[in-house]
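K.L.:
This is the structure alone, sequence omitted:
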């Protein structure tokens with residue numbers, strides 16, 4: 001159950017909390033499996049049981065899941081997100097908040113989680129210095145509930161996690177609770193009561209709520225970053241192919257190990273125990289009978305068919321995950337810019353969806369930050385005035401790109417043209433540098449002309 005919906009007029013009770021946690025346990029097991037695959041702890045091969053205990057039992061797992069996720073995330077966010085706006089005060093305010101929160105690192109963590117699990121969560125809070133903070137949270141520890149409207153608004157969030165504490169010189173595990181409720185609004189949409197953060201524990205299937213405090217954001221401070229509409233992880237649909245590849249490689253390793261330790265058959269001669277022990281050392285067998293011989297019992301391995309099978313699995317994993325094999329010589333050799341774009345089209349389509357979904361979560365983060373600064377500083381910022389700009393992390397032909405930028409100068413805005421350069425991370429700062437250089441050049445020329453006239 002990946003998206004939980006409840007009635008917007010719900011009553012927060014112990015039974016509701018325990019029921020939601022119980023329903024979430026199914027989803028939690030799915031998330032844990034996906035994390036195991038990302039960590040190359042592939043279930044099927046690691047849990048494989050061999051019937052014959054006397055034969056090799058190789059269990060080779062391959063980190064395809066990590067490769068797919070890291071490639072997709074690096075392509076999306078290998079270059080930090082830039083923000084453009086005409087409201088310089090808003091940009092300065094947000095830039096300070098983003099630096100304080102290590103925003104680029106947090107974004108990468110969110111994108112990685114979304115790639116693995118199909119979605120990622122971020123909790124916002126106010127720290128002891130009264131500054132807004134945001135942090136990526138493990139989805140297995142957070143339940144987000146939506147209403148039944150078309151907007152699917154978040155109306156409740158429950159974070160629960162285990163904590164080991166020391167009690168009477170013994171370690172005990174306590175399940176902590178943090179419950180986030182929505183602010184109360186009147187008929188005009190004005191907030192008449194802040195949302196709450198309610199804390200407590202779960203002990204022996206009983207919810208014990210201990211304290212609560214006001215939440216100073218104008219909505220539940222949880223941002224959702226989905227990977228796609230179906231909430232699938234990037235490698236989730238090719239797990240069966242990864243399992244098949246693990247098994248085929250393990251079987252190949254077993255066959256070669258059997259070949260190395262294969263059995264010697266001596267025909268036409270009787271060999272006593274002492275002779276059998278010395279065969280590996282003397283490397284010689286003497287036959288008095290011309291009909292006698294010795295040979296190894298080996299299994300015929302269809303090398304070509306086996307390699308074709310494994311190559312097909314490898315290609316299918318990359319094809320259906322839309323992440324190309326970057327180590328393939330055919331991928332990068334003699335590829336022009338246009339040819340490279342065609343080879344990256346599948347990944348570009350995948351990341352294009354990820355970008356639009358990720359941007360939605362970013363805009364909600366900015367919306368909550370603008371509302372908080374309005375409450376704190378009486379500012380009047382509009383979160384719609386700022387636009388996140390993503391830059392693909394691809395190898396670029398800078399000469400070709402500079403020619404394109406030059407050709408588009410005067411046709412597109414200066415902001416758009418500058419944003420095309422992979423060397424520029426802060427578009428507004430670059431525009432200001434250009435303006436300062438132009439002003440300085442004008443002042444220097446003007447002063448020289450003035451001195452000549454005198």
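P.N.:
Everything's here; your move. The structure displayed is predicted, hence computed values, not measured ones.
K.L.:
Give me the residues contacting the helix or strand harbouring residue 316.
P.N.:
Here residue 316 is covered by helix 303-321, with elements defined by DSSP states H and E. In this structure, residues lying in contact with helix 303-321 by Cβ atoms under 8 Å, 6 or more residues apart in numbering are 64, 68, 234-235, 237-238, 241-242, 244-245, 248-249, 252, 324-325, 346. C-beta coordinates here come from the backbone N, C-alpha and C atoms, glycine included.
K.L.:
Out of those, which is nearest to residue 401?
P.N.:
Checking these against residue 401 by Cβ to Cβ gives residue 324 as the nearest, at 21.3 Å.
K.L.:
In contact with the closest one: list those residues for me.
P.N.:
318, 331, 343, 344, 346, 347.
K.L.:
quick one, what contacts residue 166?
P.N.:
Under the criterion of Cβ under 8 Å, 6+ apart, the contact partners of residue 166 comprise residue 172.
K.L.:
Local confidence estimate at it?
P.N.:
Confidence at residue 166, expressed as pLDDT, is 79.
K.L.:
How about the one 5 residues further on?
P.N.:
As summarised for this prediction, residue 171 has a pLDDT of 84.
K.L.:
how far away is the closest residue to it other than its chain neighbours from residue 88?
P.N.:
Spatial nearest neighbour of residue 171, excluding adjacent residues (Cβ to Cβ, 6 or more residues apart in numbering): residue 164 at 5.3 Å. Remark: distance between residue 164 and residue 88 (Cβ to Cβ, to the nearest Å) = 48 Å.
K.L.:
which residues sit in contact with the closest residue to residue 191 other than its chain neighbours?
P.N.:
Excluding the flanking residues, the one nearest residue 191 by Cβ to Cβ, 6+ apart is residue 183, at 4.6 Å. Listed by Cβ under 8 Å, 6+ apart, the contact partners of residue 183 are 191, 193, 194, 195, 215, 218, 219.
K.L.:
switch the cut-off to 7 Å
P.N.:
The neighbours of residue 183, taking Cβ atoms under 7 Å, 6 or more residues apart in numbering as the test, are 191, 193, 194, 195, 218, 219.
K.L.:
Now, those residues that are in strands?
P.N.:
Counted as lying in strands by DSSP state E, out of the contacts of residue 183, are 191, 193, 195.
K.L.:
I'd guessed the first one sits against residue 218; true?
P.N.:
Spelled out, it's residue 191. Yes - under the criterion of Cβ atoms under 7 Å, residue 191 makes contact with residue 218 at 6.0 Å.
K.L.:
can you give me the helices in the chain?
P.N.:
Using DSSP state H, the helices of the chain run over residues 14-38, 43-46, 64-77, 88-100, 103-117, 239-260, 273-282, 303-321, 329-332, 337-343, 345-377, 398-408, 414-419, 427-453.
K.L.:
looking at the ones you listed, which is closest to residue 137?
P.N.:
Using Cβ to Cβ as the measure, helix 103-117 is the one of these that comes nearest residue 137, at 8.7 Å.
K.L.:
Show me which positions of stretch 95-113 end up buried.
P.N.:
Taking 16 or more other Cβ atoms under 10 Å as the basis for neighbour counts, the residues of stretch 95-113 that come out buried are 97, 98, 101, 103, 106, 107, 108, 109, 110, 111, 112, 113.
K.L.:
Kindly tell me how buried the closest residue to residue 104 other than its chain neighbours is, as a neighbour count.
P.N.:
By the measure of Cβ to Cβ, 6+ apart, the closest residue to residue 104 outside its immediate chain neighbours is residue 80, 4.3 Å from it. Using other Cβ atoms under 10 Å, residue 80 is surrounded by 16 other residues.
K.L.:
Please report how far residue 80 lies from residue 400.
P.N.:
Following Cβ to Cβ, the distance that separates residue 80 from residue 400 is 24 Å.
K.L.:
Identify the residues contacting the nearest residue to residue 112 once chain neighbours are set aside.
P.N.:
Closest residue in space to residue 112, ignoring its immediate chain neighbours: residue 73 at 5.2 Å, by Cβ to Cβ, 6+ apart. Contacts for residue 73 (Cβ under 7 Å, 6+ apart) come out as 108, 111, 112, 115.
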